[in-house]
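A.B. asks: with the input below, show me the fold.
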Amino acid sequence: MPKTIVIDPVTRLEGHLRAEVTVDAVNGENQVVDAKVSGTLFRGIEQMLIGRDPWEAAQLTQRICGVCPVPHGVVAAMALEKAAGSIIPDNARILRNLIMGANFIQSHILHFYHLALLDFIKGPPMSPWQPQWETEYRINDADSARLNKRYIEAIKAFRQVNEMTAIFSGRQPHAPALAPGGFTTVPTNDKIDLFRRYSQTVIDFVKNTYLPDVEFVATQYPEYNQIGKGYGNLIAFGAFDLNGAGGKSFFHGGRIVQGNGQVQPMNNDAINEHVASSWYENSTSKSHPVTSATQPVYPKDGAYSWIKAPRYENQAYETGPLARMTINGLYKQGVSVHDRHKARALETLKLAEALPVWLDELNVGSPVYSSYTAPTEAAGFALAEAPRGALGHWIGIAGGKIAHYQVLTPTCWNASPQDDDRQPGPMEKALLGAPVQDTDNPIEVLRVIHSFDPCLGCAVHVCRITRR
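C.D. replies: From the prediction side, this is the model:
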């Protein structure tokens, strides 16, 4: 007989997520046969920006998330520069790459050790690791103790990466050095040497600790190489400009459709946001971010999430490290729970090893900033990547003020609800077919959800609390 399970909130992720799954017997095995994931806070950052000076976008959008603020600041600045037709100096481009690459690294380390690992091992018998669901944990006591110790070591690594980022960003999180026109920190030999020393420590941790731990956990739960596949549709916008002309990127963008391996081009005009299952006005359904609005309607028949449903040519796409690495030919094993973890760890090493190379490209004494004047009437957009995947910002300026702003985040793609055609979002699709051995302790559901590293801080932003 079908049983509906509600996990609210889903813990160990940024923000508030609700998961509702229906479990039923399929060929003698209990499986997820229906799934709905819901963002439970109202998205309001775009409205906060309306009427503000365009200069504020690169700082205010960083407040969307304390884990991945740098990509928001970078992409907001890029959108403003595109609106004004301005070009930044090479030093600014390199410095942005350095702090954004470091931001990816700290986010990936945080995700595995602090948000996902406890789905596979039993935590220490104390708060905040307990209480924990009583379920099958296959990893023996000695290896569990080793991995629990790594939880603490990862906090130190996470802190070191943030300290490294702040050398150039000025502060982390929420980098004040990001501004339209370039960068506000001037590189010096001392800062470069200090950043380099930190980067070697990070490389050692990723290579000798993070990667082996991910591989070890995968060997203990081999069935998760098949669980959580989803559609097989992957999308990336591309990131880390390497030549200043946009012609060469560390990660290029593109799409893979239904896992066929062939990379297809990505066209910004083919993106639409659906809201049939979201608490927003239906008048904005299936609209491009350049025109879409964020007008809340609650309650609303058929809706169950504050997350919109981005679609590319009306199809749901997964985004994130697995999409980036697969599209760039750097990961070829498939799409599953473990594939997401493995691709994320391999990407972390690739970025960590790129940081010293980018440091060598800095020119001490060369400019980091170009004169920038915000246009009075203009529109612009920028597409790049955040740690969790494809990120886009669209801005419209009228009368010298922000008149329109839309942010399309990775978790909007991954944790999107059903669209206007009732197609499930990528995370919902990945949950379908997942086995659930114990409906009172549905750990399998968490393993699938956490593999996406959802960040609801990016997908939904504001709620109002009424005091009585």
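A.B. asks: what lies in contact with stretch 247-255?
C.D. replies: Under the criterion CB atoms under 8 Å, 6 or more residues apart in numbering, residues 97, 233-242, 263-266, 312, 317, 324, 327-328, 354, 383, 385, 390 lie in contact with stretch 247-255. C-beta here means a position set from N, CA and C on the backbone, and glycine is covered the same way.
A.B. asks: after the longest helix anywhere in the chain, next one along is what?
C.D. replies: Longest helix of the chain, by residue count under DSSP state H: helix 141-169. Note on helix 141-169: by DSSP states H and E, the next helix or strand toward the C-terminus is strand 178-179.
A.B. asks: low-confidence stretches in the chain?
C.D. replies: 43, 284, 457, 460-468 (pLDDT under 70).
A.B. asks: thinking again about what came up before, generate a PyMOL selection restricted to the buried subset of the contacts of stretch 247-255.
C.D. replies: Selection of buried members from the contacts of stretch 247-255 for PyMOL, criterion 16 or more other CB atoms under 10 Å:
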select buried, resi 97+233+234+235+236+237+238+239+240+241+242+263+266+312+317+324+327+328+354+383+385+390
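A.B. asks: and the contacts of stretch 247-255, which of them are in helices?
C.D. replies: Using DSSP H, the contacts of stretch 247-255 in helices are N97, R324, I327, A354.
A.B. asks: check contacts around the first one.
C.D. replies: With contact set as CB under 8 Å, 6+ apart, N97 has these partners: F240, D241, L242, F250, W358.
A.B. asks: again, 6 Å this time
C.D. replies: F240, W358 (CB atoms under 6 Å, 6 or more residues apart in numbering).
A.B. asks: that one and F104, how far apart?
C.D. replies: Counting by CB to CB, to the nearest Å, the gap between N97 and F104 amounts to 10 Å.
A.B. asks: now do G254
C.D. replies: The value you get for G254 to F104, if CB to CB is used, is 19 Å.
A.B. asks: quick one: which of those two has more around it?
C.D. replies: F104 (27 against 20; other CB atoms under 10 Å).
A.B. asks: excluding its backbone neighbours, what's nearest that one?
C.D. replies: In space, F104 comes closest to P387 once its chain neighbours are excluded; the distance is 4.7 Å by CB to CB, 6 or more residues apart in numbering.
A.B. asks: so Q172 sits against V161, correct?
C.D. replies: No: taking contacts as CB atoms under 6 Å, Q172 lies outside contact range of V161: 8.6 Å.
A.B. asks: tell me which of these two has more neighbours.
C.D. replies: V161 (28 against 21).
A.B. asks: list the buried residues for the longest helix of the chain?
C.D. replies: Under 16+ other CB under 10 Å, the buried positions of helix 141-169 are 144, 147-148, 150-151, 154, 157-158, 160-162, 164-169.
A.B. asks: just stretch 73-93 next, same as before
C.D. replies: Buried residues in stretch 73-93 (16+ other CB under 10 Å): 73-84, 86, 88-93.
A.B. asks: before we move on, what about stretch 322-337?
C.D. replies: In stretch 322-337, counting by 16+ other CB under 10 Å, buried: L322, A323, R324, M325, T326, I327, N328, Y331, G334, V335, S336, V337.
A.B. asks: quick one: the nearest residue in space to the first one that is not next to it in sequence from R255, how far?
C.D. replies: Spelled out, that is L322. Nearest non-adjacent residue to L322, counting by CB to CB, 6+ apart: A343, 4.1 Å away. Going from A343 to R255 by CB to CB gives 16 Å.
A.B. asks: before we move on, the earlier item: in strands, which of the buried residues of stretch 73-93 appear?
C.D. replies: Per DSSP state E, strands hold no members of these.
A.B. asks: tell me the contacts of A403?
C.D. replies: Contacts of A403 (CB under 6 Å, 6+ apart): G396.
A.B. asks: sorry, slip of the keys, the one I care about is E81.
C.D. replies: Contacts of E81 by CB under 6 Å, 6+ apart are P180.
A.B. asks: which residue comes closest to the spatially most central residue of the chain once chain neighbours are left out?
C.D. replies: Geometric centre of the chain, nearest residue: R388, 2.0 Å, by CA atoms, centre = their mean. Of all residues not flanking R388 in the chain, P410 sits nearest, at 3.7 Å (CB to CB, 6+ apart).
A.B. asks: which stretches of this protein form helices?
C.D. replies: Going by DSSP H, the chain shows helices at 45-49, 57-60, 69-84, 90-110, 141-169, 189-205, 211-220, 321-327, 337-361, 410-414, 426-431, 443-451, 456-459.
A.B. asks: would you reformat these as JSON lines and include distance to P124?
C.D. replies: What follows is these, written out as JSON lines (distance: least, CB to CB, whole Å):
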{"stretch": "helix 45-49", "distance to P124": "37"}
{"stretch": "helix 57-60", "distance to P124": "39"}
{"stretch": "helix 69-84", "distance to P124": "30"}
{"stretch": "helix 90-110", "distance to P124": "18"}
{"stretch": "helix 141-169", "distance to P124": "6"}
{"stretch": "helix 189-205", "distance to P124": "21"}
{"stretch": "helix 211-220", "distance to P124": "17"}
{"stretch": "helix 321-327", "distance to P124": "28"}
{"stretch": "helix 337-361", "distance to P124": "22"}
{"stretch": "helix 410-414", "distance to P124": "29"}
{"stretch": "helix 426-431", "distance to P124": "29"}
{"stretch": "helix 443-451", "distance to P124": "18"}
{"stretch": "helix 456-459", "distance to P124": "27"}
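A.B. asks: tell me which of the ones you listed lies nearest to I7.
C.D. replies: I7 sits nearest to helix 443-451 of all the helices of the chain, at 6.5 Å, using CB to CB.
A.B. asks: quick check: angle from that closest one to helix 337-361?
C.D. replies: 20 degrees (axes from the mean of the first three to the mean of the last three CA atoms, to 10 degrees).
A.B. asks: check which helices and strands helix 443-451 sits against.
C.D. replies: helix 337-361 (3 or more CB pairs under 6 Å, 6 or more residues apart in numbering; DSSP states H and E).
A.B. asks: just the buried positions in the helix it packs on, please.
C.D. replies: For helix 337-361, by 16+ other CB under 10 Å, it's 337-352, 354-355, 358-359.
A.B. asks: show me how far that helix is from its chain's centre.
C.D. replies: 15 Å (CA atoms, centre = their mean, to the nearest Å).
A.B. asks: so which elements touch it?
C.D. replies: Helix 337-361 packs on helix 90-110, helix 189-205, helix 211-220, helix 321-327, helix 443-451, going by 3+ CB pairs under 6 Å, 6+ apart.
A.B. asks: let's see 10 Å
C.D. replies: helix 90-110, helix 141-169, helix 189-205, helix 211-220, strand 239-241, strand 249-251, helix 321-327, helix 443-451 (3 or more CB pairs under 10 Å, 6 or more residues apart in numbering; DSSP states H and E).
A.B. asks: from L431, how far out is the nearest residue to A303 once chain neighbours are set aside?
C.D. replies: Using CB to CB, 6+ apart and skipping the chain neighbours, the partner closest in space to A303 is W279 (4.8 Å). Using CB to CB, W279 is found at 22 Å from L431.
A.B. asks: thanks a lot, see you next time.
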